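Undergrad: sequence plus predicted model, see below.
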Amino acid sequence: MTLIVPDRDGATATTPGPHPTGARAAAQALIDNGVTDLFGVHGYINPVVEEACRLGARMWHFRHEQAAGFAAEAYGRITRRPGVFFASASAGMANCLSSLSQGIGARSPMLLLVGQHGTAGDELGTLQEGYATDCFRSVAKWTRRLTDWELNAHWVRQALADAVTYPPGPVVLEFPLNNQWGSGPAAQRKYVPGGGLPLIPATQADPARVEQVVDLLAAAERPMIIAGDGVYWSDGADELVELAELLGAPTGARRTARGAISEKHPLAVPAGYRGPMLRAADTVVLVGLRAGELESWFEPPDWPAPAMTTYIQIQEAASELWLGLDTAVNVLGSSKLVLAQITAGLRDRLGAAPVTRPAWLDSLAAARTSFIDRRAATLSSVTGRTPIHTYELAQAIADEIDEDATVVYDSYQGSLYLTDALTAVAPARILDAGPRVALGQGVGMCFGACIARPGAQIVSLVGDGGIGLAGMDVETLARYGIPAVIVVLNNSSWGGNALVHDDTQPDMGSWDMLAELRYDRVFEPFGCHVEHVTTSAQLRPALRRALDADTVAVVNVVADTDGPEASLPWLRLKIGEYCSRGIDDIPDGARRYFRALSVIETLRLHKTALDNGLRMPMSFLAELTDHDESDLSTTAASTGYRY
């Protein structure tokens with residue numbers, strides 16, 4: 001891969017002069033502290049960006065600030081270094097909200113540099129007036145408006161350090177024009193030049209707490225480990241695998257940590273068959289895994305009740321411990337270091353040989369086989385359909401990409417199919433939208449991923465909603481020679497027509513798009529390799545050509561996402577409304593999706609309503625799904641789910 005860095009016609013590069021300015025001080029601090037790449041759209045922040053470029057930084061210029069922000073988010077997530085992006089005042093600044101929201105949810109280190117009107121124009125109707133410090137409080141670790149240019153270097157370094165301090169996340173610095181223009185002989189205050197970004201020290205856990213964990217794990221018969229982002233940010237994948245192998249513990253990894261234990265490893269437990277293993281475990285170690293709706297707050301029916309299972313929590317920050325879970329031992333410390341401490345303690349206690357658990361690992365093998373068989377049967381039943389079923393599309397992508405490819409999700413419905421098709425062999429290879437669930441992030445994230453991992457395949461499954469929001473930055477990919485493959489899941493609708501619209505909300509006005517738009521033709525003039533796919537026979541050859549193109553490729557796949565295979569997330573959005581309206585007012589077309597739900601999935605619907613403040617009679621769900629109410633009650637009791 002050869003990146004194209006365009007030169008400006010007639011421009012002459014210059015080196016920074018000796019005259020100190022606010023912009024130069026900020027730029028010098030960026031470079032001193034390891035920043036090499038800046039993503040953004042120019043404007044009131046130009047003085048800082050130009051000075052950084054004069055000092056050697058690469059500027060990647062986008063069509064829309066949202067794409068630049070998503071590029072920085074992916075770059076930060078992959079490199080574990082701050083992804084730095086920039087924007088102008090007011091509307092340009094506001095366009096960064098979605099990427100910052102994704103970053104705070106995904107715990108991605110980011111630094112946004114915002115230009116602003118001069119401070120003398122505050123509240124005077126100044127052109128492009130806006131205040132990033134107010135706008136971004138809910139999507140950043142902190143924000144600051146810099147009014148004293150002699151402190152610019154200090155705040156830049158502090159922002160870069162705090163962005164990567166656990167839990168990592170975005171920081172926003174706002175530079176008024178008079179700050180950037182400030183000049184004079186004074187040195188930067190409260191700043192030690194040189195040396196780079198200070199190393200943030202990792203900490204071990206209290207040895208007494210580690211000893212308690214060792215006691216519990218040494219006595220466990222069916223232990224299980226579930227790892228989260230903390231394992232990834234601490235670079236603890238090796239320690240995770242070492243403990244899993246010594247303990248003989250089935251191990252899963254979530255979010256950016258997915259792949260910390262390769263899903264080809266015999267102890268790996270991907271999400272597709274995690275449920276039955278969790279419900280059978282007698283001890284569960286949660287390491288670096290945050291509570292939230294995506295993890296059902298560690299509550300039944302997806303997680304066994306604490307009365308049935310012993311829980312251990314390991315977190316690097318006290319704020320990440322979930323106090324809503326009855327936990328035997330809470331441990332504070334770097335996931336990497338704590339895992340190593342536990343492994344050392346178990347070796348002292350049990351010896352160096354791995355613990356053998358034939359019955360427990362036979363259960364894991366059986367769960368894996370059952371999952372593979374179910375997927376094969378479903379794939380066989382949908383292969384060859386016209387339009388192409390998303391299940392087949394997802395499997396084709398998983399089969400054709402390199403093992404080391406980076407995959408970016410940007411199709412809500414498509415990701416429901418793709419996540420179980422993929423096999424993660426290393427962390428930060430599958431990039432989702434995090435718990436804030438953005439849309440239109442795929443194109444920008446592909447750019448950042450390519451800068452972070454040059455030479456690796458970059459593939460994004462993008463819905464036609466997402467491509468409509470962010471598609472023009474495909475030109476940015478083309479302009480810089482980014483060889484990403486954008487697979488457009490073209491179902492001519494937001495989320496899937498029948499499932500999300502015709503069947504579940506038939507009386508609402510249409511949100512369909514024009515049918516079967518030729519997105520390939522839209523992007524062909526940019527110099528992209530393009531493919532248009534309408535049949536199963538065309539699908540895999542088209543994907544192979546796109547992956548081999550060594551340039552940005554757009555594969556337009558006319559596909560169908562309607563069907564019960566991945567309906568539960570959508571039904572969760574509707575269940576409270578349907579309950580309040582009454583069963584006789586539920587559209588007939590929607591009933592078939594509810595009848596396809598398993599007992600556990602039905603209980604998940606009940607919990608969704610409860611988590612949103614609605615106490616739903618179990619009898620209502622029994623009638624809606626055709627499950628016997630006694631079966632629902634019995635399964636709820638077996639998992640500890642109380643309603």
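TA: Everything's here; your move.
Undergrad: how near is the residue lying farthest from the centre of the chain to Pro20?
TA: In terms of distance from the mean C-alpha position of the chain, Pro185 ranks first, at 45.3 Å (Cα atoms, centre = their mean). Relative to Pro20, Pro185 is positioned 7 Å away (Cβ to Cβ, to the nearest Å). Every residue, glycine included, has its C-beta placed from N, CA and C.
Undergrad: quick one, what contacts the closest residue to Pro276 other than its chain neighbours?
TA: Nearest residue to Pro276, sequence neighbours excluded (Cβ to Cβ, 6 or more residues apart in numbering): Ala367, at 5.3 Å. By Cβ atoms under 8 Å, 6 or more residues apart in numbering, the residues touching Ala367 are Val269, Tyr273, Pro276, Met277.
Undergrad: pick out the most distant pair among these.
TA: The span of the contacts of Ala367, defined through Cβ to Cβ, is set by Val269 and Pro276 at 9.8 Å.
Undergrad: where does Ala260 sit: helix, strand or coil?
TA: Classification of Ala260 by DSSP: H, G, I helix; E, B strand; the rest coil places it in coil.
Undergrad: for burial, what's the neighbour tally of it?
TA: By the criterion of other Cβ atoms under 10 Å, Ala260 has 31 neighbours.
Undergrad: for Thr369, same thing?
TA: Thr369 has 11 nearby residues by other Cβ under 10 Å.
Undergrad: check Cys450 too.
TA: For Cys450, using other Cβ under 10 Å, the count is 27.
Undergrad: with Leu439 instead?
TA: 19.
Undergrad: you'd agree it is up against Asp464?
TA: No - applying Cβ atoms under 8 Å as the test, Leu439 and Asp464 come out as separate, 11.3 Å apart.
Undergrad: among the contacts of Ala367, who's most crowded?
TA: Of these, with other Cβ under 10 Å as the count, Val269 tops at 26 neighbours.
Undergrad: and that one, what pLDDT?
TA: pLDDT, Val269: 98.
Undergrad: which one is it nearest to, not counting chain neighbours?
TA: Val269 sits nearest to Gly252 (Cβ to Cβ, 6+ apart), 4.1 Å away.
Undergrad: so what pairs up with the one you found in the strands?
TA: Here Gly252 sits in beta bridges with Ile226, going by DSSP bridges.
Undergrad: give me every residue that touches it.
TA: Counting by Cβ under 8 Å, 6+ apart, Gly252 makes contact with Met224, Ile225, Ile226, Ala227, Ile261, Ala268, Val269, Pro270, Ala271, Arg274.
Undergrad: could I have the PyMOL command that selects the buried members from these?
TA: Buried residues within those, by 16 or more other Cβ atoms under 10 Å, are selected in PyMOL with:
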select buried, resi 224+225+226+227+261+268+269+270+274
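Undergrad: between the contacts of Gly252, which sits nearest Arg77?
TA: Nearest to Arg77 among the contacts of Gly252, counting by Cβ to Cβ, is Ala227 at 16.1 Å.
Undergrad: identify the spatial nearest neighbour of that closest one, chain neighbours not counted.
TA: Distances taken as Cβ to Cβ, 6+ apart put Ala253 closest to Ala227, at 4.3 Å, once the chain neighbours are dropped.
Undergrad: for Thr343, same thing?
TA: Leu243 (4.7 Å).
Undergrad: show the pLDDT at the one you found.
TA: In this model, Leu243 is scored at 99, pLDDT.
Undergrad: just Ala549 next, same as before
TA: 96.
Undergrad: so it, which state does it fall into?
TA: With three-state DSSP as the criterion, Ala549 reads coil.
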